[in-house]
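Trainee: Okay, sequence plus prediction incoming.
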Amino acid sequence: RKEVEQDPGPFNVPEGATVAFNCTYSNSASQSFFWYRQDCRKEPKLLMSVYSSGNEDGRFTAQLNRASQYISLLIRDSKLSDSATYLCVVITSGTYKYIFGTGTRLKVLA
Amino acid sequence: EAGVTQFPSHSVIEKGQTVTLRCDPISGHDNLYWYRRVMGKEIKFLLHFVKESKQDESGMPNNRFLAERTGGTYSTLKVQPAELEDSGVYFCASSQELGGLGETQYFGPGTRLLVL
């Protein structure tokens, strides 16, 4: 079983739609959580960190559920420019390395 | 502020040859990481430097891979001799701190390595 699991998609949604991705992690000692965005043939770029209390940045909302060991990303009012692969990243306590999910592809359609 | 840079952007070599990848982290970032993505798989950790010291090299696949960070600035990753399964995208990342708000890692554009 992978340490971090994501639905690879693709999720095809119309402009203006709301879309949600989930990511599950297997190690209960995981302590830090992030969502990164990766455009085709580009490097991963930080979208947002995920905190226990949940956090929001404009149209993006991230939630952490430690009991069920998953994190989520909600994108409201999708734009064409949101089309990308969204990577779930976890850091395990006592280490500093990123553990990546395989990513979820999002395509926002006009 | 300049981001993480990597050189070369692409490399095509034959099996058995040697390739050296270079990474320049963001200025002032003591932490430097190497990751690799092989086709169809997730990005995987290779190793982590704190300044010039190897903090964690648990992800290095075998002794054909050698990473260095002399002087604690830029880093090189050498693959010798290269095998077909080494093909993939090699990313470098750097972070300011370990833990806390400074632990965010910033990634370079990657080096695309193809071994024929």
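Mentor: Received it, and whenever you're ready, just let me know what you need.
Trainee: distance between stretch B:76-91 and the chain's centre?
Mentor: 10 Å (C-alpha atoms, centre = their mean, to the nearest Å).
Trainee: and B:Val89, bridged to which residues?
Mentor: When bridges are called by DSSP bridges, B:Val89 pairs up with B:Arg37, B:Arg112.
Trainee: ok, now B:Ser53?
Mentor: With DSSP bridges as the rule, B:Ser53 is bridged to B:Val50.
Trainee: Give the burial count for it, as a bare number.
Mentor: 10 (other C-beta atoms under 10 Å in any protein chain shown). Every residue, glycine included, has its C-beta placed from N, CA and C.
Trainee: Near chain A, which residues of chain B? Just list them.
Mentor: B:4, B:31, B:33, B:35, B:41-45, B:48, B:55-56, B:58-59, B:91, B:93, B:95, B:98-99, B:103-110 (C-beta under 8 Å from any C-beta of the partner chain).
Trainee: and those, which are buried?
Mentor: The neighbour count (16 or more other C-beta atoms under 10 Å in any protein chain shown) marks B:4, B:31, B:33, B:35, B:42-45, B:48, B:55-56, B:59, B:91, B:93, B:95, B:103-110 as buried among the residues of chain B next to chain A.
Trainee: Straight-line length of stretch A:61-78, end to end?
Mentor: Distance across stretch A:61-78, first residue to last, is 13 Å (C-alpha to C-alpha, to the nearest Å).
Trainee: Same question for stretch B:17-27.
Mentor: End-to-end span of stretch B:17-27 (C-alpha to C-alpha): 32 Å.
Trainee: Determine how far that stretch lies from the middle of the whole chain.
Mentor: That offset, for stretch B:17-27, works out to 7 Å (C-alpha atoms, centre = their mean).
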